[in-house]
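Colleague: quick one: sequence and predicted model below, then my questions.
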Amino acid sequence: MRRVLAWIVLAPVATVALLFAVANRNWVRVSFDPFSAEAPAYAADLPTFLIIFIALILGVIIGGISVWFGKIHWRMAAHRAEKENARLKAEKAEAEFRAHETGIATRQLLPPR
């Protein structure tokens, strides 16, 4: 089901991207020198669609990194909860072992519901 939904979404997106690339094949000079427009220190001639695709990809990467850093708090909280859970499980197993050794029923250790 998930693959079918992926194809339903990705096929039109890929078709639009392909049509966009074919329609924007003209070459544009991209310069990263703000001081010299006539003879820039670095300039590249690239197709328009490539410039837009590169900008889109960089935006997705930067957005993904910012979301990843934004969720650090939640990952740290989950890690602390997992450690606490493991500690409590070990404590429970130790209490059950001691109760079994002394003959106390396990039900007496658990709080009422």
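Modeller: Thanks, I have it.

Colleague: could you use CA atoms for every contact and neighbour count after this?
Modeller: Will do.

Colleague: do me a favour and average the pLDDT over whatever helix or strand residue 98 lives in.
Modeller: Using DSSP states H and E, residue 98 sits within helix 72-102. On average, the pLDDT along helix 72-102 is 92.

Colleague: strands of this protein, residue ranges please.
Modeller: 27-31, 43-47 (DSSP state E).

Colleague: tell me the angle of the first one relative to strand 43-47?
Modeller: For strand 27-31 and strand 43-47, the angle between their directions (axes from the mean of the first three to the mean of the last three Cα atoms, to 10 degrees) works out to 150 degrees.

Colleague: dump the strands of the chain to JSON lines, plus distance to residue 99.
Modeller: Converted to JSON lines, these look like this (distance: least, Cα to Cα, whole Å):
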{"stretch": "strand 27-31", "distance to residue 99": "76"}
{"stretch": "strand 43-47", "distance to residue 99": "75"}
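
Colleague: may I see those organised as JSON lines, with mean pLDDT, distance to residue 67 and mean neighbour count added?
Modeller: Below are these laid out as JSON lines (pLDDT from 0 to 100; distance: least, Cα to Cα, whole Å; neighbours: other Cα atoms under 10 Å):
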{"stretch": "strand 27-31", "mean pLDDT": "88", "distance to residue 67": "30", "mean neighbour count": "14"}
{"stretch": "strand 43-47", "mean pLDDT": "89", "distance to residue 67": "30", "mean neighbour count": "13"}
